[in-house]
Structure formats: C-alpha cells, structure tokens
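Participant: sequence first, predicted coordinates after that:
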Number of protein chains: 2
Amino acid sequence: MSGSAATQNGPTPRYRRVKEFIVKHIEGGDWRAGDQVPSESALVKQLKVSRMTVNRALRELTHEGLLVRVQGTGTFVAEKRPIFNLVELRNIAEEIAERGQRHAARVELLNAEKANQDIARDLGLNANAAVYHSVLVHMADGIPLQVEDRFVNPVTAPGYLDADFTAITPNEFLMQTAPATEVEHIVEAAMPDARIRKLLKRNAN
Amino acid sequence: MSGSAATQNGPTPRYRRVKEFIVKHIEGGDWRAGDQVPSESALVKQLKVSRMTVNRALRELTHEGLLVRVQGTGTFVAEKRPIFNLVELRNIAEEIAERGQRHAARVELLNAEKANQDIARDLGLNANAAVYHSVLVHMADGIPLQVEDRFVNPVTAPGYLDADFTAITPNEFLMQTAPATEVEHIVEAAMPDARIRKLLKRNAN
DNA sequence: CGACTGGACTTGTATATACAATTGAACTTA
DNA sequence: TAAGTTCAATTGTATATACAAGTCCAGTCG
C-alpha cells in the first residue's frame, strides 16, 4: 500500500495518496502506536482534498488494521505488535447445543472505545489505546443465560466491528480471523451487577 | 454481515442494508456465481438510496470477496468454491537474492478482467468470470530479467488489487493471504513475444 | 464542591452532482 | 468484409453540503 501506482494507468487516485501519506508517517516513525493522527478536517486543509476523500482513506486504513477510530474523539495509530496470549474459554454456543437447546445471541453493544487502565494492561496496550468492545447476551431457547463482555485488541481482528454476532460467536470469529495469533479478552459471566441484570431482563419478554 | 444491526443503537445504516440485500439474494440462490448483479443505477431506483451509498456497499462487498466488479461492464457474483490446486513455482526474488543481486519489480498491469476461455478453464471458473490479472517485470540489479503474467481467482485473494508488488512478490502475498487454500495461476517467463520484449526494453534505460 | 449544561470538535452517514475511464454494441465507411 | 467511429451503459473517483451522534471541556448554577 505504499509504493508506486497500483493500476498502471493515470495518476494515483487521491484517496490512495492520502493513504500513502498516512502510512508513510506511520512507517517513518513520525506517528507512533497510540498517537492521535490529524483529524479529517486537518487533513482536508493540509492535503487539499475533500473530507469525503479523507474519510474514505481513513476508513480503509482502519479496516486494514493500521488505524483505530473513535467517534467524537479521534483517529489513532493502531498498536502494532501481534499478541500471542491464548486464553481458552468454553464455547457457550456449543455448550447450549449439547444440552439440546437452541442458542441465540443478542448484540447489546459493539464499538470502539478507549481502554481504561485495567483493560489496557490486560491487553498489553498503551493507556488510552483504542479497543473493540462487545457485549452479548447469550440465550438458550430464548431464555437469557449469560452476558459476555469482551474487549479485543483491534490489530489482531480488524473486522471485528463488522461481524454479525447473531450468526457467529466472537470465539468462532476470532478463530477464523486470527488463526495463528490469538487475542486476549475478558469475559464476565456474572449476575449481581445491576447493569447486567437489566440486560438479561430486557430479553425475558 | 447478514443478520441484525451490528451496533446496538439506532437504525441500521443504509449502506449496510444494501449489503444485506445483496448478500441475501446471493445466499438465497437468486443470484448465482458468475451472474451479473443489478447495476448501481438500478439499485438506486430499487432501493431508493443515493448512488454513493450503493457504491460504498458494492465496493465493500467486493473487498470482502463476495463480488467482482469490472469498470465499464458490471458487477458479478464471485465464484464461491475454494480451490485447492497448488502449483509450486520457484520464487524469483529468492533466486535473485541467492545470486547476490538486488531484486526489484515493476508493476506493469494490475486490474480485474473477464477471463477468456483458456484462463477460465485453468482456474476452474465459468466462462467470462472476472479474474485479477497482474503483469510484473522482475529485475536483478536493475536489469529486467523476467516477465510474470499472472491470473488469480478473485475469491481466494480479495485484496490482490491493493497489494504493493514492488514490496512483496505475488507469491509471498498469496502465501500470506490464503495460507490454506491456494490459488492457481499462470506464469510466462518467455522471451519471443513482441509485447514482452517491449516491457523488458522499457526498463532497460 | 458537585452536577448540569452548552458548545466546540470529531467521526459517521447520506445525498446530489459532476466528470473520467472503460467496455461493448451498434453503426458507418472504405 | 473489415476496420474504424459513435454512443449508451457501467464503474471509479471527487467534491460540496448537510445532519446525526459521540466526546470532552469549560463554564454555570445550585
């Protein structure tokens, strides 16, 4: 994504040049992992292109795992190092299927956030690094059973936010996406928390 | 990418609903591999969204490997089946490095095309299926050595057109991208062809 | 002091519009 | 017939504009 034109013809499209501009600054060490990169409007002024063009460039780089974006906050350079920390946990869908019940999941939350200190430490990231956060409610025959609160290192699973967790569990998704390198995460299967009780109740209708 | 909303909040974005619309028709069997899907303008009329929204949906689905687009012609459902046909071929970059020379490559062509009958047969695709086509000139210490003319099955390497083949050889790229399933291709290392002579000469300055 | 409230800034989505580039078919012409 | 030309259809890119949604901070008010 850095070198010369990709299609031999005319000039490189502007959104590609924006991408190359970003990549160059990252690979050159100007912008390091966790750093905030210039906002869309700043890049518009600097590179003299429209915001939509900048937006496309940043969106694609995010999809490719080089950047992480948080709405309302900014765009950040993703943490680079691959992580090899495998935490095995039981597959809730499988467990429910074994009991002869029908498994379903409801996505309560799925977005990018800034990690708090604990999460960042657990994932081996810088403080304030952006992470993907999902909250699912797993159900057996329509009865809410378990809340899964999960934080994922964006680098190892760029497509996480686009996944359809009603059709595939995060576990399966991560296994498919990052077969070799694995991702750390945190799961609460708890009960007492008021917030969790509310989530479970919301599905009991 | 099919089911309910991905981010728990508001209504699903329109470009996502367009994607779901397409995916549903493909998975439902209405549109089969190789079929042409409705044009952007047709989808605009049918789904009552702007062309830019349709364009984004189709572009993303193409990047995900479900569709293949050819400018001036149309959008087609990608061939689904994974192919397990491994053709081992020597790594030109490695070979040059072994001789103590510096390897470089020049991208002469990199785009999507309709396969002719021979290519389609070799790749196990329907006639007129879209394929990715690249032409590289490999050089040792600046001296053009070999022309590599390669056709790749788009399904197994969705990101092929975005790759930077000045930095990584197609071989390495395909090994990284499709580690298990492998892709067939065709390589000419020939000489006599007038077109190839021209390519080699162009780099001799 | 604590809580709330605006407002500025940022990203996310959507539209209308425009032009470029490519393809393929129909047509024309030598 | 064969070659060249025109033309419509399609995708590719780019812009200006607008509003929604989320975050953060400073200021205000109780």
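Facilitator: That came through, no problem.
Participant: name the helices or strands packed onto whichever helix or strand residue A:113 is part of?
Facilitator: Element membership for residue A:113, per DSSP states H and E: strand A:103-114. Judged by 3 or more Cβ pairs under 8 Å, 6 or more residues apart in numbering or on different chains; DSSP states H and E, the packing partners of strand A:103-114 are strand A:67-70, helix A:92-98, strand A:130-140. All C-beta spots, glycine's among them, are computed from the backbone N, C-alpha and C.
Participant: those: lowest mean pLDDT?
Facilitator: Among the helices and strands packed on strand A:103-114, helix A:92-98 has the lowest mean pLDDT, at a mean of 52.
Participant: who touches stretch A:49-62?
Facilitator: For stretch A:49-62, contacts defined as Cβ atoms under 8 Å, 6 or more residues apart in numbering or on different chains pick out A:14-16, A:18-19, A:22-23, A:40-41, A:43-44, A:47, A:67-69, A:75, A:158.
Participant: DNA strand C contacts on chain A?
Facilitator: Contact residues (Cβ under 7 Å from any atom of the strand) of chain A with DNA strand C: A:9-10, A:39-42, A:51-52, A:55, A:58-59, A:62, A:69-75.
Participant: near DNA strand D, anything from stretch A:50-64?
Facilitator: Yes: for stretch A:50-64, a contact with DNA strand D is found by Cβ under 7 Å from any atom of the strand, at A:50-53.
Participant: re the thing from before, quick check: mean pLDDT of the strand holding residue A:113?
Facilitator: Across strand A:103-114, pLDDT averages out at 74.
Participant: buried sites along that strand?
Facilitator: Of the residues in strand A:103-114, A:103-108, A:110-112, A:114 count as buried by neighbour count, 16 or more other Cβ atoms under 10 Å in any protein chain shown.
Participant: neighbouring strands - and their directions - for that strand?
Facilitator: According to DSSP bridges, strand A:103-114 forms sheet pairs with strand A:130-140 (antiparallel).
Participant: what residues does chain A put near DNA strand D?
Facilitator: A:13-16, A:48-53, A:70-73, A:113-114.
Participant: mind running it again at 6 Å?
Facilitator: Proximity of chain A to DNA strand D (Cβ under 6 Å from any atom of the strand) is limited to residues A:13-15, A:49-53, A:71-73, A:114.
Participant: need the pLDDT of residue A:19.
Facilitator: For residue A:19, the model assigns a pLDDT of 95.
Participant: need the CA coordinates for the helix or strand containing it. PDB is fine.
Facilitator: Using DSSP H and E, the element containing residue A:19 is helix A:14-27. What follows is helix A:14-27, C-alpha atoms only, in PDB (Å, rounded to 0.1, in the frame of the first residue of the first chain):
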ATOM      1  CA  ARG A  14      -6.300  11.000  -4.300                       C
ATOM      2  CA  TYR A  15      -7.700   8.700  -1.600                       C
ATOM      3  CA  ARG A  16      -4.800   6.400  -2.300                       C
ATOM      4  CA  ARG A  17      -2.300   9.200  -2.000                       C
ATOM      5  CA  VAL A  18      -3.900  10.200   1.300                       C
ATOM      6  CA  LYS A  19      -3.500   6.600   2.500                       C
ATOM      7  CA  GLU A  20       0.100   6.600   1.400                       C
ATOM      8  CA  PHE A  21       0.700   9.900   3.200                       C
ATOM      9  CA  ILE A  22      -0.600   8.300   6.400                       C
ATOM     10  CA  VAL A  23       1.200   5.100   6.000                       C
ATOM     11  CA  LYS A  24       4.500   6.900   5.300                       C
ATOM     12  CA  HIS A  25       4.200   8.900   8.500                       C
ATOM     13  CA  ILE A  26       3.500   5.800  10.500                       C
ATOM     14  CA  GLU A  27       6.200   3.700   8.900                       C
END
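Participant: can you list the buried residues in it?
Facilitator: A:14-23, A:25-26.
Participant: against which helices or strands is the very next helix or strand once past that helix packed?
Facilitator: Going down the chain from helix A:14-27, the next helix or strand is strand A:36-37, by DSSP H and E. Counting by 3+ Cβ pairs under 8 Å, 6+ apart, the packing neighbours recorded for strand A:36-37 are strand A:74-77.
Participant: quick one: average confidence on the strand it packs on?
Facilitator: Averaged across strand A:74-77, pLDDT comes to 92.
Participant: same deal with stretch A:36-53?
Facilitator: Stretch A:36-53 shows a mean pLDDT of 97 in the predicted model.
Participant: can you flag the buried ones in the residues of chain A next to DNA strand D?
Facilitator: Buried members of the residues of chain A next to DNA strand D, scored by 16+ other Cβ under 10 Å, are A:14-15, A:49, A:53, A:114.
Participant: tell me the buried residues in stretch A:26-40?
Facilitator: Buried, per 16+ other Cβ under 10 Å, within stretch A:26-40: A:26, A:31, A:34, A:37-38, A:40.
Participant: let's see the distance spanning it from one end to the other.
Facilitator: End-to-end distance of stretch A:26-40 (Cα to Cα, to the nearest Å): 16 Å.
Participant: which residues are in contact with it?
Facilitator: A:2, A:22, A:25, A:46, A:51, A:54-55, A:58, A:66-67, A:74-80, A:125-126, A:128-129.
Participant: in chain A, what residue comes closest to DNA strand D?
Facilitator: Per Cβ to the nearest atom of the strand, residue A:72 is where chain A lies closest to DNA strand D, at 2.5 Å.
Participant: gap between that residue and residue B:53?
Facilitator: Using Cβ to Cβ, to the nearest Å, one gets 23 Å for the distance from residue A:72 to residue B:53.
Participant: and residue A:70, how far from chain B?
Facilitator: Plainly put, residue A:70 is 13 Å away from chain B if you go by Cβ to the nearest Cβ, to the nearest Å.
Participant: contacts only, for that residue.
Facilitator: Residue A:70 touches A:76, A:112-114, A:130, counting by Cβ under 8 Å, 6+ apart.
Participant: farthest pair within these?
Facilitator: A:76 and A:113 (11.6 Å; Cβ to Cβ).
Participant: any residues in contact with both of those two?
Facilitator: Both residue A:76 and residue A:113 are contacted by A:70, A:130, under the criterion Cβ under 8 Å, 6+ apart.
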